[in-house]
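1. The amino acid sequence is not available; the structure is as follows:
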């Protein structure tokens, strides 16, 4: 974990209730796709945890759903605004298990951390198949960005207004080497039951501290209780109790 000051260089809405903010500063504390950062936002007691969407030498991109005071304030940040940020939180995805044909499965705002994962996989010569699930066309984002990496993208929406009508589990391919998933718990449970291989699931949880001190985001696994913020947010399929 590293505490830094990051400055906003760009903020924009990219879909219905979804915004993207790009920061500049010391991002060396972030070492793996799937990790998250914890931002202090003025006037609010608890920091806001947000998954890393993309990373450059001195740039950090966050994509998030605007759902409350914290994310609303972030979405309205101006160029030059400075934020106190804890970086490099969580364990991240294990790229060594990907195999030659990994599947990336994202639902809603579970999609952003999969972009950085796809970027790192393609840098290693591994082309992933990406499944994206949203409620409706107005909420869809990052299809072109994944395609620009060379990834195959399959899209599903609940109302059928974009891609295939249904859920991401309705567009699971017959063959893949491993899977990485991130999204709301009902989606993760459905993927857990439908998946034909081993894989990793990244959990979205409310967090008090973000680095394992408060035990507020603990969940029970086959090896006992684990803290989503410290021992996760990524858990292996085989250790999850569902």
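-> Ah, there it is. Predicted, not measured: the structure shown is a model, and the values here were computed from it.

2. The closest residue to residue 72 other than its chain neighbours: neighbour count?
-> Nearest in space to residue 72, with sequence neighbours left out and distances taken as Cβ to Cβ, 6 or more residues apart in numbering, is residue 66 at 5.4 Å. Quick note: C-beta positions are derived from backbone N, CA and C, even for glycine. Residues lying near residue 66 (other Cβ atoms under 10 Å) number 18.

3. Look at the residue nearest the centre of the chain and give its secondary structure.
-> For the chain, the residue nearest the mean C-alpha position is residue 113 (3.0 Å; Cα atoms, centre = their mean). Three-state assignment for residue 113 (DSSP: H, G, I helix; E, B strand; the rest coil): helix.

4. who's in contact with it?
-> 33-34, 36, 51-53, 93, 182, 202 (Cβ atoms under 8 Å, 6 or more residues apart in numbering).

5. Would you mind measuring from the residue lying closest to residue 100 once chain neighbours are set aside to residue 240?
-> Among residues not flanking residue 100 along the chain, residue 177 sits closest, at 5.6 Å (Cβ to Cβ, 6+ apart). According to Cβ to Cβ, to the nearest Å, residue 177 and residue 240 sit 20 Å apart.

6. what do you get for residue 45?
-> Using Cβ to Cβ, we find residue 45 at a distance of 31 Å from residue 240.

7. quick one, which of these two is more surrounded?
-> Between residue 45 and residue 240, counted using other Cβ under 10 Å, residue 240 has the larger neighbour count: 18 against 7.

8. Is it correct that residue 150 falls within a helix?
-> No - Residue 150 is assigned coil when assessed by three-state DSSP, not a helix.

9. Hmm, it is touching residue 121, no?
-> No - counting by Cβ atoms under 8 Å, residue 150 sits too far from residue 121 to count as a contact (10.0 Å).

10. Would you mind grabbing the residues shared as contacts by the two?
-> Joint contacts of residue 150 and residue 121 (Cβ under 8 Å, 6+ apart) are residue 127.

11. Which one of the two is surrounded by more residues?
-> Between residue 150 and residue 121, residue 121 has the larger neighbour count (other Cβ under 10 Å), namely 23 against 11.

12. which SSE is that one in?
-> Using DSSP states H and E, the element containing residue 121 is helix 112-123.

13. That helix - what's its average pLDDT?
-> Helix 112-123 shows a mean pLDDT of 98.

14. Residue numbering should commence at 30 henceforth.
-> In the new count, where the first residue is 30, that last one comes out as helix 141-152.

15. Distance from the chain centre to the longest strand along the chain, please.
-> The residue-count maximum for a strand in the chain (DSSP state E) belongs to strand 31-44. With Cα atoms, centre = their mean, to the nearest Å as the basis, strand 31-44 stands 16 Å off its chain's centre.

16. ok, now stretch 216-234?
-> Going by Cα atoms, centre = their mean, where stretch 216-234 is centred and where its chain is centred differ by 14 Å.

17. One more: stretch 161-179?
-> Between the centre of stretch 161-179 and the centre of its chain there are 14 Å (Cα atoms, centre = their mean).

18. Kindly check the end-to-end length of stretch 94-105 for me.
-> 13 Å (Cα to Cα, to the nearest Å).

19. contacting residues around it?
-> So stretch 94-105 is contacted by 40, 42, 46-48, 50, 68, 70-73, 75, 77, 91, 93, 137-138 (Cβ under 8 Å, 6+ apart).

20. Take the residues you listed and keep only those in strands.
-> 40, 42, 47-48, 50, 68, 77, 91, 93.

21. Pick out the lowest-pLDDT one from those residues.
-> Pick the lowest pLDDT in those and you get residue 77, at 91.

22. What sits closest to that one if chain neighbours are left out?
-> Excluding its sequence neighbours, the residue lying closest to residue 77 (Cβ to Cβ, 6+ apart) is residue 99, at 4.2 Å.
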